[in-house]
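> show me the folded form of this:
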Amino acid sequence: MLSQASRRTLQSLSRNNRVVVAANRRSMMAFADKAKLREKVEEDRYMKEQEEAWKEKLRALKQQEETSRDAAHHAEVVDPVKKDIEKLLAETGDKVSDAGLENLAKFRLDL
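Numbering: from 1, shown residues only. From the prediction side, this is the model:
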């Protein structure tokens, strides 16, 4: 059988071992919590980047649509008025540059 001193030594070792195991478990749990938090932060960052990329594509599409709409409006409305003004000026013998015709047409249309 074990002597009294040996038993005490084993008991103290056992207690110390339990404390170390408990501390390791806590630190592992803390590590797992930190890893989950870090994963959540990375996921949020990725989602924000994807959202920004999507918004940028949407802005580009809207800009392209607006540009094509302006070009179509110009071809349908401003060009016929420019031709009409050019015809009026030709009757009187006056000449105006293309930029001037553009401005006169926009003035006439209140644009």
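
> quick one, helices of the chain?
Using DSSP state H, the helices of the chain run over 4-73, 79-92, 98-109.

> now do the second one, average pLDDT.
In this case it means helix 79-92. Average pLDDT, helix 79-92: 89.

> quick one: residues in contact with that helix.
Helix 79-92 has contacts (Cβ atoms under 8 Å, 6 or more residues apart in numbering) with Lys95, Val96, Leu101, Glu102, Leu104, Ala105, Arg108, Leu109. All C-beta spots, glycine's among them, are computed from the backbone N, C-alpha and C.

> apply 6 Å and report the result again.
The contact list for helix 79-92, computed with Cβ atoms under 6 Å, 6 or more residues apart in numbering, reads Val96, Leu101, Leu104, Ala105, Arg108.

> quick one on the thing from earlier: pick out the shakiest of the helices of the chain, pLDDT-wise.
It's helix 4-73: among the helices of the chain, that one has the lowest mean pLDDT, namely a mean of 77.

> ok, back up a step: ok, which pair from the contacts of helix 79-92 is furthest apart?
Val96 and Arg108 (12.8 Å; Cβ to Cβ).

> re the thing from before, would you turn the helices of the chain into JSON lines with mean neighbour count?
Conversion of those to JSON lines gives the following (neighbours: other Cβ atoms under 10 Å):
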{"stretch": "helix 4-73", "mean neighbour count": "10"}
{"stretch": "helix 79-92", "mean neighbour count": "13"}
{"stretch": "helix 98-109", "mean neighbour count": "14"}
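
> spatially central residue for this protein, please.
Centroid check for the chain by Cα atoms, centre = their mean gives Glu52 as the closest residue, at 0.7 Å.
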